[in-house]
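Asks: Got a sequence here, can you model it:
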Amino acid sequence: MLETARYEVDRRRRGTVVLTAGISLVAVFFIALYPSFQTADIDIDQMIEAWPPAMREAFGLVTLASIEGFLAVELYNFVWVIVLGLYFAYLAAGLIADDIEGDRMDLLCSLPVSRTRVLFEKFAALVVPILAVNVVVGSLVYAGTIAIGEPIGPLGLVMVHLLSIPYLLSCAAIGLIFSVRFNRGDVAKRAAIAAIFALYLLDSIAGSVEEISVVQSLTPSGYYDPTAILVQETYAIEDAAVLLVATAAVLVGARVLFVRRDL
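Replies: Down below sits the predicted model:
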């Protein structure tokens, strides 16, 4: 059981280590930067108010005066929402398309295993790097903020990482749709990146324009707000549930497309 999932996890082990190490270095950099940023002789929050609403919405700018607000903007709204969202969509977009392009999928599907199982196990393998980067970086952030004398709230830190999992899974599910739609991996990956980035921009614009704010409900990033979690201590569990349901629905759609298509 789960042979395909184990194979995918093993095949991506090095990539998971590199990803986790890279994000960890970014986190350490921002944590080390905060003390000098805090002592700067400028009113940061007043400067934020002068920024355009769309930019404040895009980067979750509420306050930089606390370690929670600083990391929400510099680390989580940028790295988690944008970089990791794009990365896991990109990774998922290659799950099927790369094997089809490399003529490996014909061989895999000739074995006594259903296409549904292949698809779901490949997707399930992405849970490992998602968990790894959250656990390792979350622990590092907590230890680092203690080391600089600005300990971050542990509950908010746990929740910002826990609630990011449905968000990253939803981004990966969007990438999977493109993976079963296209035969070439590079085309699927570019399409997935373009889709996630376009949805992020749509969310940012809709969040600053009241007349179209309802559009945010169509975007994954509209259901994950690191600033609200860390600064305002608002834990929207129902938003995470919506993302999980949406992810399941997209996976079902990807399964239908994959089962019906010719390889």
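
Asks: Show the contacting residues for residue 102.
Replies: By Cβ atoms under 8 Å, 6 or more residues apart in numbering, no residues touch residue 102. Quick note: C-beta positions are derived from backbone N, CA and C, even for glycine.

Asks: Apply 10 Å and report the result again.
Replies: residue 185 (Cβ atoms under 10 Å, 6 or more residues apart in numbering).

Asks: now residue 91: how far from residue 146?
Replies: From residue 91 over to residue 146 the distance is 32 Å, taken as Cβ to Cβ, to the nearest Å.

Asks: And the two? Which one has more around it.
Replies: A direct count of neighbours by other Cβ atoms under 10 Å for residue 91 and residue 146 places residue 91 higher, at 23 against 12.

Asks: pLDDT score for the closest residue to that one other than its chain neighbours?
Replies: Counting by Cβ to Cβ, 6 or more residues apart in numbering, the nearest residue to residue 91 once its immediate chain neighbours are dropped is residue 126, at 6.4 Å. With respect to pLDDT, residue 126 scores 95.

Asks: Use 276 as the first number from now on
Replies: Got it, first residue is 276 now, which makes that one residue 401.

Asks: what number of residues lie near residue 401?
Replies: 25.

Asks: contacting residues around it?
Replies: 280, 283-284, 287, 291, 363, 366-367, 370, 443-444, 446-448, 450-451.

Asks: Let me see the ranges of the strands in this protein.
Replies: Read by DSSP state E, the chain holds no strands at all.

Asks: Low-confidence stretches in it?
Replies: Applying pLDDT under 70 to the chain flags the ranges 276, 313-339, 482-488, 537-538.

Asks: Which stretches in it count as helices?
Replies: Along the chain, the stretches classed as helices by DSSP state H are 278-286, 288-313, 319-324, 328-334, 342-346, 360-376, 380-384, 390-399, 402-422, 429-437, 439-456, 460-483, 501-505, 512-535.

Asks: Make CSV from those and add distance to residue 489 to it.
Replies: Output for the helices of the chain, formatted as CSV (distance: least, Cβ to Cβ, whole Å):
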stretch, distance to residue 489
helix 278-286, 38
helix 288-313, 33
helix 319-324, 26
helix 328-334, 15
helix 342-346, 27
helix 360-376, 21
helix 380-384, 40
helix 390-399, 30
helix 402-422, 29
helix 429-437, 25
helix 439-456, 19
helix 460-483, 8
helix 501-505, 18
helix 512-535, 14
